[in-house]
Structure formats: structure tokens, C-alpha cells
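any chance you could fold what I've pasted below:
(2 chains)
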Amino acid sequence: MADRRANVTWSGSLIEGGGTIESVGSGAFGPLDVTWGSRAEDSDGRTSPEELIAAAHASCFSMALSHGLARGGTPADRLDTSATVTFVPGTGITKVALTVRGSVPGVDEASFVEAAQTAKEGCPVSQALAAVPEITLDAALL
Amino acid sequence: MPRIVREADISWEGTLSRGAGVVTATSSGAFDLPVTLASRIANPEGKTSPEELLAAAHASCWVTSLAGELAKAGTPPEHLDVHCTITMDEVEGRGHRIVASSLSARGTAPGADEASFAQAAEAADAGCPFSALIKASATVTVEATLEGGA
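Down below sits the predicted model:
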């Protein structure tokens, strides 16, 4: 079992106030500012929950795909993954689009796409986000 | 309503157990962070993980909802201190799964009492888009403590 922690502070109201991701359990990042504006308007150099979800999903998916390719006997040299999260205020998170380009010796396009599909279905963050109405995948070899 | 898009990228090199990646906040440029398998399931050693990024996402999503709910009730917060722990566990036959997210808040909101603060915390959970998603597969718990009394 693994627990991962984050601490956030907020001062003032939603619109005029602002928050800070002060620290995380690993110490890897923080402080990072988060405001309603960074979320719903221009990010202006500040992160947002949706960007953090994109970062979590891209990294989870990449690890699952790396694992699947190695198990299939064709470990990846390199995977470049992008996750784009779409947020509609008042409605919620409506879409995650995953794009991956892989450099994988000894694998053909169809097997790579299949491995990517399996990673998309199985990775823990995909499972946690299974209620997102639309999760798309665009996978190709470099 | 406008569609808001936020993007992150990762480059991963090598296998899962011996490889490593760097995850980048592409929309904001706010971070570039190394991740490894060990940082995820063992000692993080200063590196982040998908679950830690989700903890930061959930804490920041919920705290903005909480600030909004308190303002709506006429008791905008002065200060909120929020903590989120995401738990990943091995579920029999299904591998690693994110099973829980536990949120707690301490704060000051002039005019709010313990009951209205707790009510705002519950409403924030109902209104936070990430809570809505993760509840389909994990247990979300919410705890709120007002500092300094009513």
C-alpha cells in the first residue's frame, strides 16, 4: 500500500483569493500557486487541478505502457506521452486525450497500439478517471 | 460555458523498473519533475508520482470548491489549510488500484460555525469535479475543523 500526500493552503474567497500547493510528501514540488483564474482562465504560469490530473495520467499511462512493452519482450527506448484534460466549469471534467509516440525496437505498429490500449484501460489513474465521459488515445511509433 | 484545456507531457526512457521519466506541466510551465516506479510504490526519495500529483490535484480542486461554498454562505474564508492523502493498494485480481482519497481542512471563516463549516466541506466535495470522478472507484472522506470557534 502506498500513501501519497499533498498540502494546500487557501486565503480569501474563490475569485479574489488564491491558494498554494505548499508541499507534497516526497518534497518534489511546492510551493506552487493555484487560483481560480489559473484554472478557468489563463494559466499565467500557475498550475491547476486539471493540469495536475493531466500530469498524473500521462505519467501513469507511460509507466503502464513501458511495463507492458517490456513484458512483451520489446522494451521501449523512449515514450513521449501527452495528456490533455478538458474542464467545463459547471459541468466538470469532460475529456482526457492521451497521445503517445514511441521508439520501441522490434515492435510493429499494431502491437504498439494494442499495448497502448491495454495501458490506457489498466493503469490505476485511468481506472480512477473511468467516470470521465471521454478518454481518447492516439498511439503511434516514431 | 468555455472549454478549458490543460496539458502535461512526459518523456519516459527505458523499462518500468529501471527506467525513469520527467513530467512537465505544459500549459503553465509550473513544473518539470522526475518520476520513477520506486517513487510510486516504494520510498519516493524526493521524486513525485502519479498518485502524489492526484493528491495535489484533489486538494487544490476541493479547496477552491470549499472557498466558493463558504463565500456563497456569506462566510468567505480567511484561511484554509487542506491536506489530501491518496492511497494506492493492490486489489486481488486487479493489480494496483487507487482505493481512497482522504481530505481534511482546518480554517478560519468569520461568521461560520462548526456545523456550517462542515456543511460547506460536504458541499465542496459534491461540487469538486475531481471528487465526482474518483468517487466512482475510490472512497472519498472529508473532515473539516473550524479554528478559533464561531
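
give the pairing partners of the helix or strand where residue A:102 lies; include direction for each.
Taking DSSP states H and E as the criterion, residue A:102 maps to strand A:92-103. According to DSSP bridges, strand A:92-103 forms sheet pairs with strand A:78-88 (antiparallel), strand A:134-141 (parallel).

got phi/psi on the most centrally placed residue in chain B?
For chain B, the residue lying nearest the average C-alpha position, counting by C-alpha atoms, centre = their mean, turns out to be residue B:58 (1.9 Å). For residue B:58, the backbone dihedrals are phi -70, psi -40 (criterion: degrees, to the nearest 10).

got a list of what it touches?
A:6, A:49, B:84, B:86, B:101, B:103, B:128, B:130, B:131, B:134 (C-beta atoms under 8 Å, 6 or more residues apart in numbering or on different chains). No exception for glycine: its C-beta is placed from N, CA and C like everyone else's.

hmm, try it at 6 Å
Taking C-beta atoms under 6 Å, 6 or more residues apart in numbering or on different chains, we find residue B:58 in contact with B:84, B:101, B:130.

circling back: so which of the strands paired with strand A:92-103 is the most packed in?
Among these, strand A:78-88 has the highest mean neighbour count (mean count of other C-beta atoms under 10 Å in any protein chain shown), at a mean of 23.

just to revisit the earlier point, now the contacts of residue B:58 as JSON lines including secondary structure, pLDDT and neighbour count?
Shown next, in JSON lines, are those (DSSP: H, G, I helix; E, B strand; the rest coil; pLDDT from 0 to 100; neighbours: other C-beta atoms under 10 Å in any protein chain shown):
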{"residue": "B:84", "secondary structure": "strand", "pLDDT": "97", "neighbour count": "28"}
{"residue": "B:101", "secondary structure": "strand", "pLDDT": "97", "neighbour count": "26"}
{"residue": "B:130", "secondary structure": "helix", "pLDDT": "96", "neighbour count": "28"}
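
per the record, what domains does chain A have?
A:6-40, A:49-141 (automatic domain parsing).

so which bits of the worst-scoring helix or strand of chain B on mean pLDDT are buried?
Across the helices and strands of chain B, mean confidence by mean pLDDT, DSSP states H and E is lowest for helix B:37-41: a mean of 88. By 16 or more other C-beta atoms under 10 Å in any protein chain shown, the buried positions in helix B:37-41 come out as B:37, B:39, B:40.

how about residues contacting the one helix or strand in chain A whose mean pLDDT sits lowest?
For chain A, counting by mean pLDDT, DSSP H and E, helix A:36-40 ranks last in confidence among helices and strands (a mean of 87). With contact meaning C-beta under 6 Å, 6+ apart, helix A:36-40 is reached by A:14, A:15, A:46, A:48, A:89, B:4.

need these in a markdown table with secondary structure, neighbour count and pLDDT, can you?
What follows is those, written out as a markdown table (DSSP: H, G, I helix; E, B strand; the rest coil; neighbours: other C-beta atoms under 10 Å in any protein chain shown; pLDDT from 0 to 100):
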| residue | secondary structure | neighbour count | pLDDT |
| --- | --- | --- | --- |
| A:14 | coil | 22 | 84 |
| A:15 | coil | 14 | 84 |
| A:46 | coil | 22 | 94 |
| A:48 | coil | 29 | 95 |
| A:89 | coil | 13 | 89 |
| B:4 | strand | 20 | 90 |
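
want to throw those into a markdown table with distance to residue B:77?
Converted to a markdown table, those look like this (distance: C-beta to C-beta, whole Å):
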| residue | distance to residue B:77 |
| --- | --- |
| A:14 | 9 |
| A:15 | 13 |
| A:46 | 19 |
| A:48 | 19 |
| A:89 | 20 |
| B:4 | 24 |
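
ok so, going back, and the angle for the helix or strand following the least confident helix or strand of chain A with strand A:134-141?
Tracing the chain past helix A:36-40, the next element assigned as helix or strand by DSSP H and E is helix A:49-71. Counting by axes from the mean of the first three to the mean of the last three C-alpha atoms, to 10 degrees, helix A:49-71 lies at 40 degrees to strand A:134-141.

low-confidence bits of chain B, can you list those?
Judged by pLDDT under 70, chain B has its weakly predicted residues at B:1, B:149-150.

domain ranges for it, per the record?
B:8-41, B:50-146.
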